[in-house]
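Novice: Here is a sequence with its predicted model. Questions after.
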Amino acid sequence: MATTTSAFHRKIEVVSPTRQRVMGILFILLGLILVFFFTPGLSQGQITTFGLSLATSDIQLPPWQVHTLPTLYGLAVASAILGGIQLARGFGRYTNWVLGLVVGFFIFGFLVWAAAGKSLNLVGMFNTTLSRSVPITLGALSGILCERSGVVNIAIEGMMLTGAMVSALVGSITQNAWLGLLAAILAGALLALVHAVLSIKYKTNQIVSGTVINIFATGLTSYISAKFLQVNQALNNPPTFGGTPIPLLSEIPILGPVLFNNSIFVYVMFILLFVLNVALFQTRWGLRLRAVGEHPKAADTLGIDVFKTRYMAVVLGGMVAGFAGGYFTLGSAGRFDEVMTAGRGFIGLAAMIFGNWNPFGAFGAGLLFGFADALASRLAILGIAIPSQFLLMAPYIATMIVLAGVIGRARPPAADGIPYEKE
Amino acid sequence: MSSEKTPQSPDLGKLVLEEINHEAAPPPQPGQRKRGIPQSVLIPLLAVLTGLIFGAIFIIVTSQEVYSGFGQSFSAGLTAMWDVVARSYTALFTGALGDPVRIINALQSGNALEIRRAFNPFLESLVTSTPYIFAGLAVALGFRAGVFNIGAEGQLFMGAITATYVGYKLVGLPMIVHLPLALLAGALGGAIWGFIPGWLKAKTGGHEVINTIMMNYIAFRLSEWLLTGPMKRPGSFNPVSPEIQPSAWLPRFFEDPIRFHLGFFLALGMAYVVYWFLFKTTWGFELRTVGSNPYGAKYAGMNVTRNTILAMTLSGALAGLAGANEVLGVNHFLAMAFSSGYGFDSIALALLGNNHPVGVVLASLLFGTLRNGATRMQLSADIPIDIISVLQAVILAFIAAPAIIRSLYRLRKPAEGEGLITIKGWGG
């Protein structure tokens, strides 16, 4: 089963009875949570207000007001009905879409509850979500490139961190954000090359090799930071990429401020997303890359250079990770701090698994995780009693659940992590 | 290997086992009988040496002194290069093992206090080595059973949390009860954090590498929450736990500035226990068999599921002890920054020590010494302590890819494979 390739195979995948049941129970459970955890403490007639435009927008939309309690009950009932149908009949191949819908209901319900009696700016929230999802999604894309070719890459975190440091350093010295970004990409590529040589040429265990890169990157960046950046602030003051609103498009209500008023990192992420998706699944290049990751021996027999393909994929992945590193310094903070990536590379890895090694799946997961991130930073403002740490834990727990196969099934490329021995 | 008994399995199983065991054991070095040190010892030594050379180059490249030296003249540049490296490594050495001159003077003076102070750097190195030993054993035990425990850091945090909790919450117990209880709690905390990914791997096939990475971050967030909420020290502005009761402290052997404590000997004892368990008991034998050949083990009637869970649980318990050791022996309270990445470094330790308890202890002593010396190097030679991570990464790379070392030093390739660890994909 594992040897058949391509997305074609996934489409005809049958949902197992156990999974069908678990999903149904989950839908109902989410509905019950909405009722039993969120509705107590709310009073009849309370209203949740969602802001739909930023203060700076030209076109101001009136805020969207919903009645808190009826909305929550409605969402709960809808989830429960979907759960009931899932238990009785099953949604077959649409199960994942329905799952997405129910999770969407749940998140909306959460927001309605969280902002009950208050006002929450949805546009600002979504915009933060999108920008928080950038490093996660880019990290996941980096992982997809590597792992689709059969090389496990847990060094995304290290490559990002190095990219962040190098872009701060080079950006400060040259006072040119573009050169800083270029340096970040090169740094990522260089580390990826080390990973590639270790794991492809020397057939080192790829997790050990990834660990080497992570330890090295932490040491290197903290060393340079302590020896130079902290001592001489002029070396840690790169110019940043501010928001670059796209003319006309950014004026569209709701969508404009969310999607088209961002830094270049967001736009590049979208471009990469589409390009990678097409390249992986519609081109000969992508077919070869995936063949190498699924069944290298067969690919080799057909004349594809397994080693060359893997080198290329890993280095490209490193460039994406390095670019993602640039986001931290040039795209948001404007300076480098020790271990500033704070595990975003590993969340990217989680998003890759969550998204089943597909670019758009990874983007969806990145959005979800970015949302948790964005929400965690607003909990205090909204005055919610949930500790933000639990929200930040959610991506990890969700990934473990997906990996366990209870909901959906994570299926890595068949030859992922196995060095290829040419005979 | 002769003392091992196969557990109630038929003769065929025994045969299979012998076959596996024969393959798993390193060959009796037929290729290297000619002379000298076996490569299993030589390569780690050369890796460390090459790492130190790499570190020297790294220090030179990042030294402004050297650049300004070369700005003046070539010879001044060379002198500056030599100066920087000599100064750094001297500081590293005296910081790690003590200043020889001072030790001799102290011994001559016969002043007991001065002698203790002169030996303090060495004792402090042992203190730093202690968590390394525990965590290194944890990862090595996992490797032996074929599981890659990359989550030692998280298990270490959980162990520290539970040990701290028992340490400050229980008041009025005698030390003989309280200390073992706190240590046990630490082991238990780590064991739970190891059990979960072990169980997930055995039952669902979820890869332990991903799960342990995820659980590392869950443990970090959990400790953040505990230290800012339920376990926060009353009246403190910092996220730290209350101080642990003195009855749960690991006793120290000398007066205050010297922190050398019982934990070091506990770690050595634990290394022996792990050795005995792995190589002298049926359970340990099963564990190693499952690690080296899961299919063969299954044929021989061994329970692969149980052994995988057992290995991860024990591994977690050892890592938990590393955390407990730090809070009970050194800090006496829990703070987020109590671990300087011991859990991640432990992967390097296990591999450097060839996944053997004796090797792990030696590797831990080396890394502990280096890290302790680096503290001094940071103070007196202005070399940030993070250079140790760079060194460790380089050493680990050489250990993991011995072919690099072999080609550098023109070593012969050994006759048999160098299979340090079984290589597996995400699918497990």
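Specialist: Structure's in. What do you need?

Novice: In the stretch 251-400 of chain B, which residue sits nearest chain A?
Specialist: residue B:389 (2.7 Å; C-beta to the nearest C-beta). Heads up, the C-betas are built off the backbone N, CA and C, glycines and all.

Novice: The host helix or strand of that residue: what's the following helix or strand?
Specialist: Using DSSP states H and E, residue B:389 falls within helix B:387-400. Remark: after helix B:387-400, the chain's next helix or strand is helix B:402-408, criterion DSSP H and E.

Novice: helices or strands up against that next one?
Specialist: On a contact count with 3 or more C-beta pairs under 8 Å, 6 or more residues apart in numbering or on different chains; DSSP states H and E, helix B:402-408 meets helix B:39-61, helix B:387-400.

Novice: Please identify which of these is closest to residue A:391.
Specialist: Closest approach to residue A:391 among the helices and strands packed on helix B:402-408 (C-beta to C-beta): helix B:387-400, 30.3 Å.

Novice: Please save the CA atoms from that closest one in PDB.
Specialist: The C-alpha trace of helix B:387-400 is given here as PDB (Å, rounded to 0.1, in the frame of the first residue of the first chain):
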ATOM      1  CA  ILE B 387      31.100  27.900  22.200                       C
ATOM      2  CA  ILE B 388      30.500  24.600  24.100                       C
ATOM      3  CA  SER B 389      27.400  24.000  22.100                       C
ATOM      4  CA  VAL B 390      29.300  24.500  18.900                       C
ATOM      5  CA  LEU B 391      32.000  22.100  20.100                       C
ATOM      6  CA  GLN B 392      29.400  19.500  21.100                       C
ATOM      7  CA  ALA B 393      27.700  19.800  17.700                       C
ATOM      8  CA  VAL B 394      30.900  19.300  15.900                       C
ATOM      9  CA  ILE B 395      32.000  16.300  18.000                       C
ATOM     10  CA  LEU B 396      28.500  14.800  17.600                       C
ATOM     11  CA  ALA B 397      28.800  15.200  13.800                       C
ATOM     12  CA  PHE B 398      32.100  13.400  13.800                       C
ATOM     13  CA  ILE B 399      30.800  10.600  16.000                       C
ATOM     14  CA  ALA B 400      27.700  10.200  13.800                       C
END
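
Novice: just checking, what packs against it?
Specialist: Against helix B:387-400 (3+ C-beta pairs under 8 Å, 6+ apart) you get helix A:206-224, helix B:39-61, helix B:342-352, helix B:357-381, helix B:402-408.

Novice: who wins for proximity to residue B:179 among these?
Specialist: Of all those, helix B:342-352 comes closest under C-beta to C-beta, at 21.0 Å.

Novice: Any residue of the closest one touching chain A?
Specialist: Yes - residues of helix B:342-352 contacting chain A under C-beta under 8 Å from any C-beta of the partner chain: B:344, B:345, B:347, B:348, B:351.

Novice: try stretch B:51-71
Specialist: Yes - for stretch B:51-71 and chain A, the contact criterion (C-beta under 8 Å from any C-beta) is met by residue B:62.

Novice: what about that stretch, how long is it end to end?
Specialist: 28 Å (C-alpha to C-alpha, to the nearest Å).

Novice: And stretch B:378-395, by the same measure?
Specialist: 21 Å.

Novice: tell me the mean pLDDT for it?
Specialist: In this model, stretch B:378-395 has an average pLDDT of 87.

Novice: same deal with stretch B:317-328?
Specialist: 94.

Novice: Let's see it as PDB, backbone CA atoms only.
Specialist: The C-alpha coordinates for stretch B:317-328 follow below in PDB (Å, rounded to 0.1, in the frame of the first residue of the first chain):
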ATOM      1  CA  ALA B 317      12.700   7.900  34.600                       C
ATOM      2  CA  LEU B 318      16.400   8.400  34.100                       C
ATOM      3  CA  ALA B 319      15.900  11.800  32.500                       C
ATOM      4  CA  GLY B 320      13.500  12.700  35.300                       C
ATOM      5  CA  LEU B 321      16.300  11.800  37.800                       C
ATOM      6  CA  ALA B 322      18.600  14.200  36.000                       C
ATOM      7  CA  GLY B 323      16.000  17.000  36.600                       C
ATOM      8  CA  ALA B 324      15.500  16.000  40.200                       C
ATOM      9  CA  ASN B 325      19.200  15.900  40.800                       C
ATOM     10  CA  GLU B 326      19.600  19.500  39.600                       C
ATOM     11  CA  VAL B 327      16.800  20.900  41.800                       C
ATOM     12  CA  LEU B 328      17.600  18.800  44.900                       C
END
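
Novice: Please report how far the nearest residue to residue B:47 once chain neighbours are set aside lies from residue B:348.
Specialist: Using C-beta to C-beta, 6 or more residues apart in numbering or on different chains and skipping residues adjacent in sequence, the residue nearest residue B:47 is residue B:398, 3.7 Å away. As judged by C-beta to C-beta, to the nearest Å, residue B:398 and residue B:348 stand 10 Å apart.

Novice: Same question for residue A:381.
Specialist: 43 Å.

Novice: Who has more neighbours out of those two?
Specialist: residue B:348 (27 against 9; other C-beta atoms under 10 Å in any protein chain shown).

Novice: Which strand or helix spans residue B:186?
Specialist: helix B:175-204.

Novice: returning to what we had before: mind putting the residues of helix B:342-352 next to chain A into a markdown table with pLDDT?
Specialist: Formatted as a markdown table, the residues of helix B:342-352 next to chain A follow (pLDDT from 0 to 100):
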| residue | pLDDT |
| --- | --- |
| B:344 | 80 |
| B:345 | 85 |
| B:347 | 86 |
| B:348 | 85 |
| B:351 | 86 |
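
Novice: Low-confidence bits of the stretch 51-200 of chain A, can you list those?
Specialist: Within the stretch 51-200 of chain A, the stretches with pLDDT under 70 are A:55-58.

Novice: tally of neighbours for the residue in it that chain B sits nearest to?
Specialist: As assessed by C-beta to the nearest C-beta, chain B sits closest to residue A:198 within the stretch 51-200 of chain A, at 5.5 Å. When neighbours are counted by other C-beta under 10 Å, residue A:198 registers 22.

Novice: Run through the residues that contact it.
Specialist: Each residue near residue A:198 by C-beta atoms under 8 Å, 6 or more residues apart in numbering or on different chains is listed here: A:204, A:209, A:212, B:397, B:400, B:401.

Novice: How much space separates it from residue B:146?
Specialist: 21 Å.

Novice: rewinding a little: closest one of the residues of helix B:342-352 next to chain A to residue A:229?
Specialist: When those are compared for distance to residue A:229 (C-beta to C-beta), residue B:344 wins out at 22.9 Å.

Novice: Over to the closest residue to the closest one other than its chain neighbours. Which of the three states is it?
Specialist: Excluding its sequence neighbours, the residue lying closest to residue B:344 (C-beta to C-beta, 6+ apart) is residue B:153, at 5.6 Å. Classification of residue B:153 using DSSP: H, G, I helix; E, B strand; the rest coil returns helix.

Novice: For residue B:153, give me its contacts.
Specialist: B:216, B:219, B:319, B:339, B:341, B:342, B:343, B:344.
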